[in-house]
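Engineer: make a model of this:
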Amino acid sequence: MFRYVVRRSLGACVTFLASTAIVFLLTVALPGDPARAIAGQRRVSEATRAALSARYGLDEPVWRQYLAFVGRLLRGDLGESYAARRPVASILAEALPTTFTLVGLTIVIEVFLALTIGAAVARRSGRHVDHLVLALCVAALSMPLFLVGSLLQRWVGVGLGWLPVAGTDAGLGSYVLPACTLALPGAAIAIRMVRIESIRQLSAAHVQTARSKGLRERTVVRRHVVRNAAVPFISFVGLEVGALAGGAIVVERVFNLPGVGQAIAEAIRQRDNALIIGFTLAIIAVYLLVDMLVDIAAVVANPRIELSA
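Structural biologist: Got it, this is the predicted structure:
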């Protein structure tokens with residue numbers, strides 16, 4: 001196990017280092033002049049533009065800018081936001097709790113729906129309820145997040161008045177509608193995944209043995225079916241974090257949540273390279289960490305995975 005953890009940690013470090021180069025080069029290649037973006041709405045002369053470029057090192061070759069960025073990154077310095085004139089790390093510290101809360105609640109919803117609905121319809125495979133759930137999953141995957149969020153705001157938030165439709169003033173209740181919106185496509189995939197694995201487990205020898213011992217069907221499903229079906233689902237959760245990071249950009253804009261997604265969207269609009277790079281790398285780092293922890297959890301749940309890794 002120790003060797004496996006070390007190997008996964010080294011792999012994550014190499015991946016993160018490669019990601020810094022890719023993110024930096026793609027951000028630098030974005031259209032527009034960062035120096036003019038730094039100046040904001042004011043009209044500036046060429047001399048002022050050149051001075052701003054020199055101050056932020058934008059007049060240096062790209063490879064020098066990248067080496068300087070890596071040097072600051074190794075010291076824990078993500079740079080300074082062009083638009084806000086504040087350290088990127090401080091802005092990130094303000095935005096991360098909102099996104100972490102949104103993503104965390106989303107994963108809880110996905111796991112709950114997958115393990116309850118997926119296992120339930122597996123016991124009724126081929127019946128009308130099974131076909132209905134599969135059809136709803138396909139519909140959930142085909143609906144764009146901004147449309148789902150807008151409908152929930154209109155029907156649940158405004159029409160019924162049950163939950164707030166924007167901001168975070170209502171505490172955890174403010175995250176319910178955004179989390180339900182963000183969880184919809186992931187839950188559809190997870191339900192089908194758990195359903196397929198549960199159907200396979202229901203016909204397994206150990207489940208038949210448990211039934212022959214006189215255990216109640218609910219106990220058999222909970223102890224022997226859902227538990228084994230959850231093993232491949234653990235890996236899905238790790239992959240889902242990356243998808244949720246992308247979806248959070250849309251959902252946070254729709255529900256006006258001051259999270260990482262909202263900040264990245266605004267940084268792209270303002271051509272704030274330092275903020276774009278810093279926030280994107282933070283998302284990548286969190287994803288790699290979660291992915292590594294999920295892989296370790298999968299090995300703990302099924303030690304045979306380590307032998308084949």
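
Engineer: confirm Arg85 sits in a strand?
Structural biologist: No - looking at Arg85 with DSSP: H, G, I helix; E, B strand; the rest coil, it is coil, so not inside a strand.

Engineer: tally up the residues packed near it, please.
Structural biologist: The local packing of Arg85 (other CB atoms under 10 Å) involves 8 other residues. Yep, even glycine has a C-beta here, placed from its N, CA and C like the rest.

Engineer: may I have the phi/psi pair for it?
Structural biologist: phi 60, psi 40 (degrees, to the nearest 10).

Engineer: how close does it get to Leu275?
Structural biologist: Per CB to CB, to the nearest Å, Arg85 is found 11 Å from Leu275.

Engineer: for Thr280, report the pLDDT, please.
Structural biologist: You'll see Thr280 listed with a pLDDT of 85.

Engineer: which residues are in contact with stretch 285-298?
Structural biologist: 4-5, 8-9, 12, 15-16, 231, 234-235, 237-239, 241-242, 245, 305 (CB atoms under 8 Å, 6 or more residues apart in numbering).

Engineer: rerun at 10 Å
Structural biologist: With contacts defined as CB atoms under 10 Å, 6 or more residues apart in numbering, stretch 285-298 is touched by 1, 4-5, 8-9, 11-13, 15-16, 19, 96, 99-100, 103, 107, 231-245, 260, 305-306, 309.

Engineer: check which residues of that stretch are buried.
Structural biologist: Buried residues in stretch 285-298, counted by 16 or more other CB atoms under 10 Å: Val286, Tyr287, Leu288, Val290, Asp291, Met292, Val294, Asp295, Ile296, Ala298.

Engineer: that older thread, out of the contacts of stretch 285-298, which are buried?
Structural biologist: 4, 8, 12, 16, 19, 96, 99, 103, 107, 233-238, 240-242, 244-245, 260, 305-306.

Engineer: hang on, Ala83 packs against Leu275?
Structural biologist: Yes - Ala83 lies in contact with Leu275 (CB atoms under 10 Å); the separation is 7.3 Å.

Engineer: hey, what's in contact with both of the two?
Structural biologist: Any residue near both Ala83 and Leu275 by CB under 10 Å, 6+ apart counts here, and that gives Ile91, Glu266, Ala267.

Engineer: give me the secondary structure label for the last one.
Structural biologist: With three-state DSSP as the basis, Ala267 sits in helix.

Engineer: so who does the nearest residue to it once chain neighbours are set aside touch?
Structural biologist: Leaving aside its sequence neighbours, Ala267 sits nearest to Leu275 (CB to CB, 6 or more residues apart in numbering; 3.9 Å). Contacts for Leu275 (CB under 10 Å, 6+ apart) come out as 27, 78-84, 86, 88, 91-92, 95, 263-264, 266-268.

Engineer: confirm that Leu275 sits in a strand.
Structural biologist: No - assigned with three-state DSSP, Leu275 falls outside any strand and is helix.

Engineer: how close does it sit to Ile22?
Structural biologist: 17 Å.

Engineer: can you check Leu115 too?
Structural biologist: Taken as CB to CB, the span from Leu115 to Ile22 is 36 Å.
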